[in-house]
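**Q** Sequence and predicted structure are below.
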Amino acid sequence: MRIARRNSGNSSHPTLRNRLAAVGASAAVAVGALAVAAQAYAADAVEVGSIAALSGYLASYDGNFLDGLKLAVKLINSEKAVGARTLDLHIMDGASNATTGVTATNQLLNQFGVAILLNGASSATSVGIYPIVADASVPFITLSQLPPNHKWAFLSTTDFSRVMQLEIEFTTVHLKAKKIGIIYNLTPAAQKATQTLTELAPKSGLQVVTTQGVDVNATDFTPQMAAFKDAQVDAVLDFMTGPAHILEAKAAATVGLKATLVMGLDDTATFRQASAAYAESYISAIPVQVYPDIADPAQKAAVGSFLDAYKKAGLNPAGVQAAASGWDAAHMLAAVVQKSGAVSGEALRGAMENLDYQGAVTRWQFTPDDHTGQARSEALQMAKFVDGAMKVMFRPGGK
């Protein structure tokens, strides 16, 4: 401050005025250069948002998803997989419910200007945010199932239609069951899947005796499992994720159910606990959960690369199921940006519709008519814990 006062007192001197002018001009050039550099940096970043459950009933499942997502983004940026661009990831808590998910989405759009969302497993959130992201022309890749309107939505998980096909085939061919019950979480995707399964099952000779819906925050499934016992079902098929599978298994043991539990998608750690509670439990497993027992060489190589990176990062080995979806979501985005150069809006959405990418979950082949990416691929099998290890018990086609 003393220097400033001294210079102010002599500013009428011509030579000093010229020097100050030169300094000012140099400072302006420097500031301008910094501004250009900042703009260039911003232009090189693809702003990516993620709505995932850091709290609520999906927190554990989405936590694994985020492990895979963050690991993939870190590697993509370090390996310059999208050239000079980087993926700038912003994560917000969706709290396992649609209301919070909508609020978080608005914040990501307005505060960070995200160009794409790579979201967690809440199907209610996917339904709730869809009008917002569609209006903003922001595509999203999701670990949940697709919302009814899904022009701007793409999957990073196994489509429930594939799960249904596997469960029905396994139940009829392997279990030779006739009477089944269905239990499901009260979420949009699970309710829709239950309705579809109820319509499809009779075509395969299965009688749906009863269906039981449970709130996502329920902590006691004994009434539902008792209903299945009373109905004398041969098998119980489900559409649930997370702790619900453990509650289902414990309740089955409590009521003395004499039926097989045929479970949908879930992480290995959850299924291990469910299997310990009720031994006659099976899960719809993706390739990462049964590695190296994978027949397709390309699929096996992709899974191996993911698991190597995952293990090297010191992440939870039991969380690979959801983590693989996070890993694939980021790599799908990187592949689209690298190939098409599209980074936002309709151009990015259109490029997603032409993506053909071998991921850890499956080979993703999206088209304008198929945003599941799985119409021409199959990477799902029924597995069970045998002697402490996940073992493939049945593959589509009765293998």
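**A** Perfect, I can see it now.

**Q** Got the domain ranges for the protein?
**A** Per automatic domain parsing, the structural domains of the chain span 44-151+297-365, 160-285+381-394.

**Q** Let me have those domains in TSV, extended by distance to Gly373, mean neighbour count and mean pLDDT.
**A** Any C-beta I mention is one placed from the backbone N, CA and C, and that applies to glycine too. TSV is the format used below for the domains of the chain (distance: least, CB to CB, whole Å; neighbours: other CB atoms under 10 Å; pLDDT from 0 to 100):
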stretch	distance to Gly373	mean neighbour count	mean pLDDT
domain 44-151+297-365	4	21	96
domain 160-285+381-394	11	20	95
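
**Q** Turn the ones you listed into a markdown table, including distance to Tyr291.
**A** A markdown table is the format used below for the domains of the chain (distance: least, CB to CB, whole Å):
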| stretch | distance to Tyr291 |
| --- | --- |
| domain 44-151+297-365 | 5 |
| domain 160-285+381-394 | 9 |
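
**Q** for the ones you listed, which one sits closest to Ala375?
**A** Between Ala375 and the domains of the chain, the tightest spacing by CB to CB is seen for domain 44-151+297-365, at 7.1 Å.

**Q** So for the closest one, first residue to last residue, what's the gap.
**A** Counting by CA to CA, to the nearest Å, you get 27 Å between the two ends of domain 44-151+297-365.

**Q** Stretch 175-188 now?
**A** Across its full length, stretch 175-188 reaches 29 Å end to end, with CA to CA as the criterion.

**Q** Over to stretch 84-102?
**A** 32 Å.

**Q** how far away is the residue nearest to Gly359 when sequence neighbours are not counted from Thr210?
**A** Of all residues beyond its chain neighbours, the one nearest Gly359 is Asp328 (3.8 Å), with distances taken as CB to CB, 6 or more residues apart in numbering. For Asp328, the distance to Thr210 (CB to CB, to the nearest Å) stands at 36 Å.

**Q** Next: Met382.
**A** Relative to Thr210, and taking CB to CB, Met382 is found at 23 Å.

**Q** And Thr198, by the same measure?
**A** If you measure Thr198 against Thr210 using CB to CB, the figure is 10 Å.

**Q** Ok, Ser137 next?
**A** Here the criterion is CB to CB. By it, Ser137 lies 44 Å from Thr210.

**Q** Helices of the protein, residue ranges please.
**A** Secondary structure of the chain, counting by DSSP state H: helices at 2-9, 14-44, 59-78, 98-111, 123-136, 160-169, 188-200, 222-231, 243-255, 268-277, 287-290, 297-312, 320-340, 345-352.

**Q** is it possible to export the ones you listed to a markdown table including distance to Phe154?
**A** A markdown table is the format used below for these (distance: least, CB to CB, whole Å):
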| stretch | distance to Phe154 |
| --- | --- |
| helix 2-9 | 58 |
| helix 14-44 | 24 |
| helix 59-78 | 15 |
| helix 98-111 | 16 |
| helix 123-136 | 11 |
| helix 160-169 | 15 |
| helix 188-200 | 15 |
| helix 222-231 | 33 |
| helix 243-255 | 26 |
| helix 268-277 | 25 |
| helix 287-290 | 20 |
| helix 297-312 | 18 |
| helix 320-340 | 8 |
| helix 345-352 | 6 |
